[in-house]
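In: how would this look folded up:
(2 chains)
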Amino acid sequence: MYNKKIMEHFTNPKFFGKIEDPDVIGKAGNPRCGDLLTLYLKIDKKTNKIKDIKFETLGCAAAIAASDMICQLSMGKTLDQAVKINFQDVSNELGVLPPLKIHCAQLVTEALRDAVNNYK
Amino acid sequence: MKNKKIYFDYAATTPLDKDVLKKMLPYLKEKYGNPSSIHKFGREASAAIDNARIQVAKFLGCKEAEIIFTGSASESDNLAIRGLIKSLRRAKGAGEKIHIITSQIEHKAVLETCNDLEKEGIKVTYLPVGPDGIINIDDLESEITPETDLITIMYANNEIGAIQPIKKIGQIIKKLNQNKEHRIYFHIDAVQAANWLDLNVNELGVDLLTLSGHKIYGPKGVGVLFARENVKISPIITGGAHEFNLRAGTENVAGIVGMGETITKIKNQKSKVKSIEKLRDKLIKGVLTKVKGSKLNGPIKDEDKLPNIANFSFEGCEGEALVMYLDQAGIAVSTGSACTSQALTPSHVLIAMGLSDLEAHSSLRVSLGRYTTLAEVNYFLKVLPKTVERLRKISGR
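Out: All right, here's what the predicted structure looks like:
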């Protein structure tokens, strides 16, 4: 069901946790589908770059792996660049999510966009 | 640790009994005849099926001619429900309604079959269940109308192990049927119950009953439908006179032999119930004391539930993630049922019992069986708390 890369990001996520004094928070998900996620961001005010990002995700293996991936993809990017990351980028980087789990990639991009909107 | 392989998913399927396999093998090798052929090869195969039919009939306390072998329990459920409805439709006059009563916590093979028939204009009532996952007899009685044709209720639930009051329902139906010309038929899916509960069809008062081979240490790909001889059902697979004209298709001889053989091994259920209950209770107690924010789902009283299934919710964890982590530790468990683990919506069974979406998503089913040991339970109790802890760290809950 899941490939090696997804399993790796699920088993050993690098970006999970909370930033205690984040510059902004982004949220996505709903209880019905079982996935709830929060992104915590630190933004460099001069460059508008994401200098730190962490996630807390209640969800399935794909949701956790996708959360880790969105953090990896957006780390060091400017906010303008970050909002351009779409669900296919996340899915492709994970070696393609199973069709039933593609919404997990949508969810994490939603959370990032939510954070960027909240920051502006 | 890496080599650990602990199977706690007996409700999904059971390993094939070695002796059963032995009895099956000749029919996959030298005894390959088609049971419909009249030569020796064929007669050898058809005799094997006859023998299996006797074995199953003995277990259910019914006549051999009342046993139909199918390809799966899902097929048996379909044949029971669709087959009966099809035959009723043909017998009924135009404009006469058909009404089915079932429950909200049925296996999908029943639930989706009923959903499908609803689209064809058949009225279906889905009975609610209490927080223990058991239907209320008064609810059932109040839903029965003069138009009710079929009541289909599972004997024991596959996700939470809740046992439904089948005998009582059987008595109610029997009484109602005495007083009127219009007969109510009673079907039960006894797939999960077969290992543990008495399935004498006359004592239960059922007209149709479903069994599966692979849930009772027999092979996959074989199911049974008991259909009382005075119950007229129509085939849903046509094309031959197999199985009393009710199920066309060359018989799965080896599978049927395995079904017959495995069912003879279900004996001394009471003592087996006791020993598996001990392991289950140890497991439940261990989980509830070692993992904070854990909760047992399903009936409380022993007599209301199967001895081998325990269903938990773990706050701050998602079930599938938990299953995957435990799998890496060598423990095979599942979220709701194996059949719905590909679905995104939370378990319909837990939702019907009143759990919130999040509680239902955080559920884990542990099902024990014939080969479960105390050492396995202890290993599970060692691994589970840290696994839950890890996922809670990731979820921040």
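
In: near chain B, which residues of chain A are found?
Out: A:2, A:7, A:10-11, A:13, A:16-18, A:31-36, A:38, A:56-61, A:63-64, A:100, A:103 (Cβ under 8 Å from any Cβ of the partner chain). Where you see a C-beta, it was placed from the backbone N, CA and C, and this is true even at glycine.

In: and the worst-scoring helix or strand of chain B on mean pLDDT, what does it pack against?
Out: Lowest on mean pLDDT, DSSP states H and E among the helices and strands of chain B sits helix B:357-361, with a mean of 93. With contacts defined as 3 or more Cβ pairs under 8 Å, 6 or more residues apart in numbering or on different chains; DSSP states H and E, helix B:357-361 has these neighbours: helix B:348-352.

In: and the pLDDT at residue 109?
Out: Using chain A. Listed pLDDT for A:Thr109 reads 97.

In: look at chain B instead
Out: 98.

In: could you list every residue that touches it?
Out: Taking Cβ atoms under 8 Å, 6 or more residues apart in numbering or on different chains as the contact definition, B:Ala109 lies against B:73-74, B:77-78, B:189.

In: out of those residues, who's nearest A:Leu79?
Out: B:Ser74 (51.4 Å; Cβ to Cβ).

In: now, which of the residues of chain A next to chain B lie within strands?
Out: A:35-36, A:38, A:56-58 (DSSP state E).

In: TSV please, covering the residues you listed and showing pLDDT and neighbour count.
Out: Output for these, formatted as TSV (pLDDT from 0 to 100; neighbours: other Cβ atoms under 10 Å in any protein chain shown):
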residue	pLDDT	neighbour count
A:Asp35	91	26
A:Leu36	95	23
A:Thr38	98	22
A:Glu56	98	20
A:Thr57	98	31
A:Leu58	96	27
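
In: name the nearest of the residues you listed relative to B:Gly239.
Out: Among those, and counting by Cβ to Cβ, the member closest to B:Gly239 is A:Asp35, at 45.9 Å.

In: stretch B:313-331 and chain A in contact?
Out: Yes. Under the criterion of Cβ under 8 Å from any Cβ, stretch B:313-331 makes contact with chain A via B:316-321, B:324-325, B:328.

In: need the max-distance pair from the residues you listed.
Out: Taking Cβ to Cβ as the measure, those have their most distant pair in B:Gly316 and B:Gln328, spaced 19.3 Å apart.

In: the two: who's more crowded?
Out: More neighbours surround B:Gly316 than the other of B:Gly316 and B:Gln328, with 18 against 14 (other Cβ atoms under 10 Å in any protein chain shown).

In: so which bits of chain B are right by chain A?
Out: B:316-321, B:324-325, B:328, B:342, B:344-346, B:356-358, B:361, B:393-397.

In: show me the helices in chain B, by range?
Out: B:18-24, B:40-60, B:73-91, B:108-118, B:137-143, B:166-179, B:201-204, B:242-245, B:253-264, B:269-290, B:319-328, B:348-352, B:357-361, B:374-395 (DSSP state H).

In: can you get me a residue count around residue 85?
Out: Let's take chain A. Using other Cβ under 10 Å, the number of residues around A:Ile85 comes to 20.

In: switch to chain B, that's the one I care about
Out: A count of nearby residues for B:Ile85, using other Cβ under 10 Å, gives 23.

In: list the contacts of the closest residue to B:Ala80 other than its chain neighbours.
Out: In space, and not counting its chain neighbours, B:Ala80 is closest to B:Leu208: 4.3 Å by Cβ to Cβ, 6 or more residues apart in numbering or on different chains. When contacts are counted by Cβ under 8 Å, 6+ apart, B:Leu208 touches B:80, B:84, B:152, B:185-188, B:225-228, B:231, B:233.
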